[in-house]
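Engineer: need the 3D shape of this:
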Amino acid sequence: MKVYYKEWIQTIPVSMEEAWEFFSRPENLEVLTPVDMGFDIISDIKDKEMYEGMLIRYKVSPILGIKLNWCTEITHIRKHEFFIDEQRFGPYAMWHHEHHFEEVAGGIKMTDQLHYAIGFGPLGPLANAIFVGAKIDEIFGFRYQAVEKMFAGKKVGV
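Structural biologist: Down below sits the predicted model:
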């Protein structure tokens with residue numbers, strides 16, 4: 001099974017405290033996900049601080065409106081530095097997503113690193129080339145734009 005790697009880097013003009021407060025709240029995933037994904041958190045996590053071992057259950061519709069169950073676990077947290085979520089069950093054979101935060105001039109550099117694998121044996125690489133890789137890029141592109149709009153006009157000196 002092939003493991004794919006993608007990385008996205010974004011600088012946002014906020015303090016570390018503000019960045020951490022927003023991105024470490026799982027309920028904020030809904031505003032960072034395209035509407036056409038049918039993303040719906042079904043775990044009772046509203047207003048709960050993220051912790052290692054936290055399980056987050058979702059419904060997603062990545063293709064043709066077909067609802068799929070997805071469950072990720074927050075496996076590692078180092079406050080104001082990084083957190084990691086990993087799929088426990090869902091649409092991928094493997095999902096390991098690292099969220100890194102670093103203070104830089106003008107705000108916070110946020111780096112998303114994603115390792116993922118697709119099942120389907122020899123059809124997995126074909127599915128990634130035709131659809132899955134592009135869909136992941138679309139989702140993270142949406143996220144990038146949503147973050148840009150959300151924090152537009154802010155200025156922070158480091």
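Engineer: can you point me to the longest helix in this structure?
Structural biologist: The longest helix of the chain (DSSP state H) is helix 133-150.
Engineer: could you pull out the strands for the chain?
Structural biologist: For the chain, the strands defined by DSSP state E occupy 3-12, 40-41, 55-60, 68-78, 82-89, 94-104, 107-117.
Engineer: what does stretch 40-56 rub up against?
Structural biologist: 24-27, 29-30, 57-60, 71-77, 83, 85, 88 (CB atoms under 8 Å, 6 or more residues apart in numbering). Heads up, the C-betas are built off the backbone N, CA and C, glycines and all.
Engineer: off-centre distance for the helix or strand of the chain with the lowest mean pLDDT?
Structural biologist: Scoring the helices and strands of the chain by mean pLDDT, DSSP states H and E places helix 123-127 at the bottom, with a mean of 88. The chain centre lies 22 Å from the centre of helix 123-127; the measure is CA atoms, centre = their mean, to the nearest Å.
Engineer: how about the CA coordinates for it, as CSV?
Structural biologist: Taking Å, rounded to 0.1, in the frame of the first residue of the first chain, the C-alpha atoms of helix 123-127 are listed here in CSV:
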residue,chain,number,x,y,z
LEU,A,123,-6.7,0.5,-7.7
GLY,A,124,-5.6,2.7,-4.8
PRO,A,125,-2.9,4.6,-6.8
LEU,A,126,-5.3,5.1,-9.7
ALA,A,127,-8.0,6.4,-7.3
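Engineer: many thanks, we can stop here.
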